[in-house]
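1. Sequence first, then the predicted structure, then my questions.
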Amino acid sequence: MQISLVFVSAVLMVHFLLPLHAYASPPLPKEKPIQELGERGFIEGIDVPEAKPAKDAKSSPTAPVEGGRKSSTTETPELASCDIQGAVFDRLAPLHGDEGNEGCGIAVPVNLTGVSSESVEVAFPTNATLSCGFVKTLTEWVIQDVVPLAQAEFGKPVSEFFTGPGYQCRRRNNQPDGKLSEHALGKAIDITAFRLSDGTEISVETDWASKTKKGNFLASVHKAACKRFTTVLGPDADPNHKSHFHLDIGCHGKSCTYVICQ
């Protein structure tokens with residue numbers, strides 16, 4: 001009996017003297033470093049638009065819209081979500097930036113062709129591509145400010161706006177780095193000139209600050225724009241804007257209520 005107890009004690013001592021790794025589970029595979037899973041600098045759906053549709057998916061503009069209402073009888077809930085009184089536009093499929101410019105894009109883009117109401121008929125020959133939200137602000141400025149100011153100054157309404165394309169996937173002032181321009185989100189437009197119903201043209205570059213009716217009109221619409229847009233830049237702002245008005249609804253300040261008017 002004594003021999004058995006000695007044998008058992010010896011076995012137990014050997015057991016506890018063995019190194020811990022002898023009882024450990026097999027080593028787990030090493031976790032992949034994050035960079036191997038994709039070096040994206042943005043968070044999908046928050047910092048950039050939602051994922052692009054499959055490459056074989058075909059997207060095409062939808063039927064023309066007048067007064068924010070699609071003329072097509074077939075429409076999805078998403079395409080029916082843009083309703084702007086007075087705006088004449090075509091609905092477009094969502095726009096996305098490429099891999100190098102993933103921050104660009106418009107979730108609800110439209111192709112603005114004009115503004116129309118009972119007393120207003122204005123064309124946008126460039127057919128600027130813009131976000132639905134921006135077009136709403138732009139339309140209000142045209143109907144409530146620009147057209148009445150032209151009528152008061154010249155006795156004639158504005159019939160055309162000459163603009164840039166609106167949406168452009170680029171950085172501010174076309175610099176290679178820095179913050180994205182509001183143009184890259186469809187929230188900005190550049191206006192170079194206005195045409196009255198009798199054919200008279202009013203150029204931002206030529207007529208700004210002139211002591212004429214044209215100069216007075218430009219000063220008035222610029223001032224009115226500062227009450228609707230968060231950024232209004234004209235020839236007095238810097239050399240980059242000597243030929244046009246830049247209007248956007250970008251967020252400035254913590255509350256997004258700070259206005260840049262130059």
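-> Looks like it arrived, so ask away. Numbering: from 1, shown residues only.
2. and residue 142, what is it in contact with?
-> Counting by CB atoms under 8 Å, 6 or more residues apart in numbering, residue 142 touches 86, 115, 120, 122, 158, 161. Just so you know, the C-beta spots here come from the backbone N, C-alpha and C atoms, and that holds for glycine as well.
3. With residue 199 instead?
-> Residue 199 touches nothing, counting by CB under 8 Å, 6+ apart.
4. could you show me where the strands are in the protein, in order?
-> Along the chain, the segments classed as strands by DSSP state E run 64-66, 69-70, 87-91, 95-96, 105-106, 109-116, 121-123, 129-131, 158-163, 188-196, 201-203, 231-233, 245-248, 260-261.
5. Who does residue 121 form a beta bridge with?
-> On the basis of DSSP bridges, residue 121 is bridged to residue 116.
6. If you tally nearby residues, what's the number for it?
-> 15 (other CB atoms under 10 Å).
7. now do residue 84
-> 22.
8. For it, give its distance to residue 241.
-> Distance of residue 84 to residue 241, given as CB to CB, to the nearest Å: 27 Å.
9. got it, and residue 260?
-> Remark: distance between residue 260 and residue 241 (CB to CB) = 12 Å.
10. The closest residue to residue 114 other than its chain neighbours pairs with what?
-> Closest residue to residue 114 apart from its sequence neighbours, by CB to CB, 6 or more residues apart in numbering: residue 88 at 4.2 Å. Assessed by DSSP bridges, residue 88 has beta-bridge partners residue 66, residue 114.
11. do you know how far residue 88 is from residue 207?
-> Residue 88 sits 27 Å away from residue 207, going by CB to CB.
12. more neighbours, the two?
-> Shown here are residue 88 and residue 207; by other CB under 10 Å, residue 88 has more neighbours (22 against 19).
13. Taking the contacts of residue 142, please make a PyMOL selection of just the buried ones.
-> To isolate the buried ones among those in PyMOL, judged by 16 or more other CB atoms under 10 Å, type:
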select buried, resi 86+115+120+122+158+161
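14. Would you mind confirming that residue 136 makes contact with residue 87?
-> Yes. The criterion here is CB atoms under 8 Å, and residue 136 meets it with residue 87 at 7.4 Å.
15. who has more neighbours, the two?
-> Neighbours per residue (other CB under 10 Å) separate residue 136 from residue 87, with residue 87 holding more: 28 against 19.
16. How about residues contacting stretch 166-174?
-> Contacts with stretch 166-174, where a contact means CB under 8 Å, 6+ apart, come from 95, 97-98, 101, 104-106, 109, 112, 126, 128-130, 177-181, 183-184, 186, 188-189, 240.
17. thought residue 110 was touching residue 81?
-> No. Counting by CB under 8 Å, residue 110 sits too far from residue 81 to count as a contact (11.1 Å).
18. Which of those two has more residues huddled nearby?
-> residue 110 (28 against 13).
19. follow-up on the earlier one: in TSV, list the contacts of residue 142 along with distance to residue 216 and pLDDT.
-> Shown next, in TSV, are these (distance: CB to CB, whole Å; pLDDT from 0 to 100):
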residue	distance to residue 216	pLDDT
86	25	97
115	22	98
120	21	92
122	20	98
158	14	97
161	18	98
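20. least trustworthy helix or strand in this protein by mean pLDDT?
-> Here the helix or strand of the chain ranked lowest by mean pLDDT, DSSP states H and E is strand 69-70, holding a mean of 36.
21. since we're on residue 197, how many residues are nearby?
-> Residues near residue 197, counting by other CB under 10 Å, number 15.
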